[in-house]
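Q: Turn this into a structure:
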Amino acid sequence: LKSGEITYESLGLKSYPSPGEKLPTPFIDISTKLEAIDRYLTWEEARKIASLSEKDEENIKQFILKINSIISDRAAQAGFENLDGKLELGFGAGRQLFLSDLAGTPDESRLVMQGFPANKDVLRQFYRTTPWYGQIEKLKKEKGSLWLEFAPCPPPLDEGLKELVSNLYKSIANALTGKEWFSAPPTIEVLKDIDLLFPAGEKKT
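A: Reported below is the predicted structural model:
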């Protein structure tokens, strides 16, 4: 919105939104996944790149909204909010749409519980505190789309956080499915323990 790439009208809004404001209906955006840096596209660009018809576009949108509704409903029942998510789709025989990746996991969905990020962002928080993060940001500015070729390996994950994140994923699986697949503390307990590891400036939902 700030750059002018999209308008608030395109989001179905009657005025410019405030930070944290919830949209009345989900907004679907699309990006490339086979480039060095994900690049957001217009639907017109997407149709051209992927040889989509207008009917394909409409089917994709309805497919995404249906899956998002299922995830959001299930998440709400388990005490989460589903703020955002990623779906990867493909076409099968007869141009039948299918999911080509997982859906509704902490890697694909930006789940939040009582204001705490219950998703892979907790791992990002850790790496933002390391010198490696600064190196990567510098490479992106200097090398552009080629930054990955020069990127150093990230440092090992902190062992204490590694165990907490393992418990987080286990507890989320239990909560979303309503079945005790794994032995793990309740999600909110794990999230509070994780939250204690990060300085206030590194906390982000």
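Q: name the helices or strands packed onto the helix or strand of the chain with the lowest mean pLDDT?
A: Lowest on mean pLDDT, DSSP states H and E among the helices and strands of the chain sits strand 40-41, with a mean of 87. Here strand 40-41 touches strand 30-31, going by 3 or more C-beta pairs under 8 Å, 6 or more residues apart in numbering; DSSP states H and E. Where you see a C-beta, it was placed from the backbone N, CA and C, and this is true even at glycine.
Q: Who are the packing partners of the strand it packs on?
A: Against strand 30-31 (3+ C-beta pairs under 8 Å, 6+ apart) you get strand 40-41.
Q: Try it again at 10 Å.
A: strand 40-41, helix 43-50, helix 54-77 (3 or more C-beta pairs under 10 Å, 6 or more residues apart in numbering; DSSP states H and E).
Q: I'd guessed Lys192 sits against Gln114; true?
A: Yes: if you go by C-beta atoms under 10 Å, Lys192 and Gln114 touch, sitting 9.0 Å apart.
Q: Could you name the residue of this protein that is farthest from its center?
A: Taking C-alpha atoms, centre = their mean, the residue of the chain most remote from its mean C-alpha position is Gly94, at 29.8 Å.
Q: Tell me the secondary structure at that one.
A: helix (DSSP: H, G, I helix; E, B strand; the rest coil).
Q: separation between it and Gly4?
A: According to C-beta to C-beta, to the nearest Å, Gly94 and Gly4 sit 40 Å apart.
Q: List the contacts of the residue nearest to Arg39 when sequence neighbours are not counted.
A: Excluding the flanking residues, the one nearest Arg39 by C-beta to C-beta, 6 or more residues apart in numbering is Thr32, at 4.7 Å. By C-beta atoms under 10 Å, 6 or more residues apart in numbering, the contact list for Thr32 reads Asp38, Arg39, Tyr40, Leu41, Glu45, Ala46, Ile49, Ala50.
Q: show me the contacts for the last one.
A: When you say that, I think you mean Ala50. Contacts of Ala50 by C-beta under 10 Å, 6+ apart are Ile30, Thr32, Leu41, Asp56, Glu57, Ile60, Leu89, Phe91.
Q: Neighbours of Ser183, how many?
A: For Ser183, the neighbour count with other C-beta atoms under 10 Å is 9.
Q: For it, what is the enclosing helix or strand?
A: Using DSSP states H and E, Ser183 falls within no helix or strand.
Q: Please report how far it lies from Asn167.
A: Counting by C-beta to C-beta, the gap from Ser183 to Asn167 is 9 Å.
Q: cool, Phe150 as well?
A: Distance, Phe150 to Asn167, by C-beta to C-beta: 35 Å.
Q: Quick one: the strands in this structure, in order.
A: 30-31, 40-41, 81-85, 89-91, 97-99, 109-113, 116-117 (DSSP state E).
Q: averaging pLDDT over each of those strands, which comes out lowest?
A: Sorting these by mean pLDDT places strand 40-41 lowest, at a mean of 87.
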